[in-house]
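1. Take a look and give me a structure for this.
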Amino acid sequence: MRKYVSGYCLGVHAQKGRWGGCKACADPQSLVPVKRRFCFYFFMNASSLFHSTILLTKINTLSWRPWLWRQQKLLSPRLAVSLFPVAGKKNSCDLLPLSEADLEEQFVRGNGPGGQATNKTSNCVVLKHIPSGIVVKCHQTRSVEMNRQRAREILQQKVDLFYKGENSDIFKEKRAAEKKKQEKKKRAKETLEKKRHIKEMQESDIK
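-> Next comes the predicted model:
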């Protein structure tokens, strides 16, 4: 004769059931739980209660991991930079647009390290701006498309500087960078002079 042992559902139903699982979460024909994600059924004896408590602890620990991972991902410095732009820094300069009709493009063989794949492949881009006569040569990568894109970026900066002069954003950025470099060099020199002066005073006190 089959014995029935009373148990409890720890899921969304939280009602007393019989052998075979929770009444609300089980299939009436096969008595197999069909919502195992939300229902956890155990039997009320000492050993089952002990093992069920351990399993519930593991389940709760695992359920917290996705939430913690999302919080860490949201607070990561790399994502924070992409979500919040840096204040006081422009995303792009106001450069003069280039027209493809004013460009003359050639593909030549590259040189330098890289073996025969570099020396025998015409992936070096030579780009000329016909109205101004500015010529740019780009062989930064082995990809022709990447070199074409970078050559146009470099040429656009040079053309903008050629026509605008001191009013160009490129010129202003370079001048600001040089000024910052000079100020840093000046502060380093002043710090070195202070250290030298302190050292001379200490040596004079010792004598």
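
2. What distance do you get for F107 to L96?
-> Counting by C-beta to C-beta, to the nearest Å, the gap from F107 to L96 is 25 Å. Just so you know, the C-beta spots here come from the backbone N, C-alpha and C atoms, and that holds for glycine as well.

3. In this protein, what residue spans correspond to strands?
-> When secondary structure is read from DSSP state E, the chain shows strands at 7-9, 16-17, 41-43, 103-108, 124-129, 134-138.

4. Tell me where the protein has helices.
-> In the chain, the segments counted as helices under DSSP state H are 46-74, 77-83, 116-119, 144-164, 169-206.

5. And the ones you listed, which one averages the lowest pLDDT?
-> The stretch with the lowest mean pLDDT among the helices of the chain is helix 77-83, which comes in at a mean of 40.

6. Ends of stretch 132-147, what's the gap?
-> One end of stretch 132-147 to the other measures 21 Å (C-alpha to C-alpha, to the nearest Å).

7. quick one: buried residues of it?
-> V136, C138, H139, N147 (16 or more other C-beta atoms under 10 Å).

8. now swap in stretch 156-165 and tell me
-> When burial is assessed from 16+ other C-beta under 10 Å, stretch 156-165 yields the following buried residues: Q156, Q157, K158, V159, D160, L161, K164.

9. Pick out whichever of those sits closest to E100.
-> Of all the buried residues of stretch 156-165, the one with the least separation from E100 (C-beta to C-beta) is Q156, at 12.2 Å.

10. Let me see the contact set for the closest one.
-> When the contact criterion is C-beta atoms under 8 Å, 6 or more residues apart in numbering, the partners of Q156 are L95, L96, P97, L98.

11. Hmm, the last one is touching I154, no?
-> What it means is L98. No: L98 lies out of contact with I154 (C-beta atoms under 8 Å); the separation is 11.0 Å.
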